[in-house]
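Below is the sequence, then the predicted model.
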Amino acid sequence: MKKNHSQQNLLQKLPSVDRILEIVKTKPFSENIPKSVIVRSIRVVIENLRSQILSGNQAMTEKSLADTVVLEKVKANMQKAMSPNLIRVVNATGVVVHTNLGRSLLAADTLENLTIIAGMYSNLEFDLETGKRGSRYSCVEDILCEISGAEAAMVVNNNAGAVLLCLETIARGRKVIVSRGELVEIGGSFRIPDVMERSGGILKEVGTTNRTHVHDYQNAIDDDTALLLKVHKSNYSIVGFSAEVSLKELVELGKAYHLPVMEDLGSGTFIDFSEYGLLKEPTVQESVASQADVITFSGDKLLGGPQAGIIVGKSQVIEKIKKNPITRALRIDKLTLAALESTLRLYRTPQVAVESIPTLRMLTLPFKAIEKKAQGLAAMLGNTDNPLMDIQLLDRSSKAGGGALPLLDLPSKCVGIKIEGITANAIERSMRNNRPPIIGRIEEDFFIMDLRTIREDEFLFIKTAFDILPNDL
Ligand SMILES: *Cc1c(COP(=O)(O)O)cnc(C)c1O
């Protein structure tokens, strides 16, 4: 692109990195900041100015290139570079298992255990009784068997890995029969047909989208069949004229043909949510009782633990899975193991699990308790001395999230904010740019915060964010 006269003039006025560096070094704000960060920030700022000039931005004048202006930009850039990228946020979305916001929060006991195991040596792969090398998985295997009723168990990085590993072990080069109604895609690019392909298993689809019968599976079985697979339709539901084959029926069919049966439960829960007034989700115990050979589920969806892929089932299959070399590539980290073991221990008493695991506590939080929190936050924000602010308590519903309980609407109370002269979009952006960021949603001119997922000790962050909100957004 041809540069005009004023662009050329501005380009000549751009300060050099070296000159700005000399000035920055004399400023207190550069103390204790590594030189590499300072230089990088200066380069970024100058490059940015250069491209704005070249793009013909009319707002660029000689003033935009003044040392004081450049220094402010460098300072801001340096501060950003020095603060961590992964930071806590306030989840005001009401989506409990929010995959983009870190899915599950760990229980207090779990955090304590995590700190010790992270900072100290441990018996990770050391058998304290024999003094010899031990198994990394032994710390969770017994407890998984105890609460699920399964013969054997094993854990990997995440459920996607668990499914891949099981399919590769059981069905590489052979057919896996799956209902067309269960060829799911989970957010973040997990698709059953794709995972199947990568595992080397050959997908044999049966039935139709809305209806699949036992005889559909039966007719598809041949000498090349290795596995019958059932996949939990985590994030959607087929209603109306529909039929699916239960795990029990599939296991009966498997027995008749000497074929193993696998279930990808997706979320996986040890708690029967229908006992807490929520919708029924199949529990891990029920799947185990149905005698499926292998069952996989996530550690950080409805279970409320760390990211992990849990595999439970019959010893014979689990032993084969443990010997698969891919297991090593999907190996679970010791921090995850520590968090998982202590989360699982809480499930020995379901009531304790529901009270102490944040995911479960938020899902089962009574409406009255949420309403009380909403009133508390609204009262606190009401003290803001901004006459232009309209604060309302709104009835909305929260979601379980994490690809679980898609039909469940949890009645909840929200605080909606409207400010005269500021758009809801501008409020949302400003809350998102707050530290810590406050992530809510926009609905009909309101910035909405759902109290189900907000802790009371986060109210002050929200109040402060609104107190410092500029009124010229
Ligand atoms: C979520 C889900 C997965 C993937 O689990 P991750 O733990 O996120 O890897 C696989 N299958 C089903 C049915 C799921 O719902």
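It's in.

which residues touch the helix or strand of the chain with the lowest mean pLDDT?
In the chain, the helix or strand scored least confidently by mean pLDDT, DSSP states H and E is strand 185-186, which has a mean of 85. Surrounding strand 185-186, the residues in contact under the criterion Cβ atoms under 8 Å, 6 or more residues apart in numbering are 160, 191-192, 234-235, 266, 403. (Glycine included, C-beta is placed from N, CA and C.)

what about 6 Å?
The contact list for strand 185-186, computed with Cβ atoms under 6 Å, 6 or more residues apart in numbering, reads 191, 403.

Quickly run through the sheet partners of it, with directions.
Strand pairing for strand 185-186, determined by DSSP bridges: strand 190-191 (antiparallel).

Near the ligand, which residues of the stretch 301-450 of the chain? Just list them.
309, 403 (Cβ under 6 Å from any ligand atom).

For the stretch 301-450 of the chain, give the residue positioned nearest to the ligand.
Evaluated by Cβ to the nearest ligand atom, the stretch 301-450 of the chain has residue 403 as its residue closest to the ligand, separated by 4.3 Å.

right, and that residue touches residue 235 too?
Yes. Between residue 403 and residue 235 there is a contact under Cβ atoms under 6 Å: 3.9 Å.

So if I had to pick from those two, which one is more boxed in?
residue 403 (24 against 17; other Cβ atoms under 10 Å).

Parallel or antiparallel, which strands does whichever helix or strand residue 400 is part of pair with?
Applying DSSP states H and E as the criterion places residue 400 in strand 389-401. Sheet pairing here is set by DSSP bridges, and for strand 389-401 it gives strand 95-97 (parallel), strand 410-419 (antiparallel).

Would you mind putting those strands into JSON lines with mean pLDDT and mean neighbour count alongside?
Listed next are the strands paired with strand 389-401 as JSON lines, based on pLDDT from 0 to 100; neighbours: other Cβ atoms under 10 Å:
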{"stretch": "strand 95-97", "mean pLDDT": "96", "mean neighbour count": "26"}
{"stretch": "strand 410-419", "mean pLDDT": "97", "mean neighbour count": "22"}
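
Output these as a markdown table; include the columns distance to residue 277.
Formatted as a markdown table, the strands paired with strand 389-401 follow (distance: least, Cβ to Cβ, whole Å):
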| stretch | distance to residue 277 |
| --- | --- |
| strand 95-97 | 15 |
| strand 410-419 | 10 |
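
Relative to residue 348, which of these is closest?
strand 95-97 (22.3 Å; Cβ to Cβ).

List the contacts of the closest one.
Contacts for strand 95-97 (Cβ under 6 Å, 6+ apart): 103, 301, 359, 362-363, 399-402.

And those, which of them are buried?
Neighbour-count burial (16 or more other Cβ atoms under 10 Å) applied to these gives 103, 301, 359, 362-363, 399-402.

Figure out which of the strands paired with strand 389-401 is closest to residue 439.
strand 95-97 (9.7 Å).

Can you give me the buried ones in the next helix-or-strand element following that closest one?
Later in the chain than strand 95-97, the nearest helix or strand by DSSP H and E is helix 108-119. Across helix 108-119, burial judged by 16+ other Cβ under 10 Å covers 110, 113-114, 117.

For helix 108-119, name the packing helices and strands.
helix 334-346 (3 or more Cβ pairs under 6 Å, 6 or more residues apart in numbering; DSSP states H and E).

buried set for the strand holding residue 400?
Going by 16+ other Cβ under 10 Å, strand 389-401 has these buried residues: 389, 391, 394, 396, 398-401.

contacting residues for the residue in the chain positioned nearest to the ligand?
In the chain, the residue that lies nearest the ligand is residue 266 (2.6 Å; Cβ to the nearest ligand atom). Residue 266 is in contact with 232, 234, counting by Cβ under 6 Å, 6+ apart.

Then residue 60?
52-53.

Residue 261: neighbour count?
26.

Find the residue closest to it in space, skipping its chain neighbours.
Among residues not flanking residue 261 along the chain, residue 254 sits closest, at 4.2 Å (Cβ to Cβ, 6 or more residues apart in numbering).

Having no further points to raise, I will conclude here.
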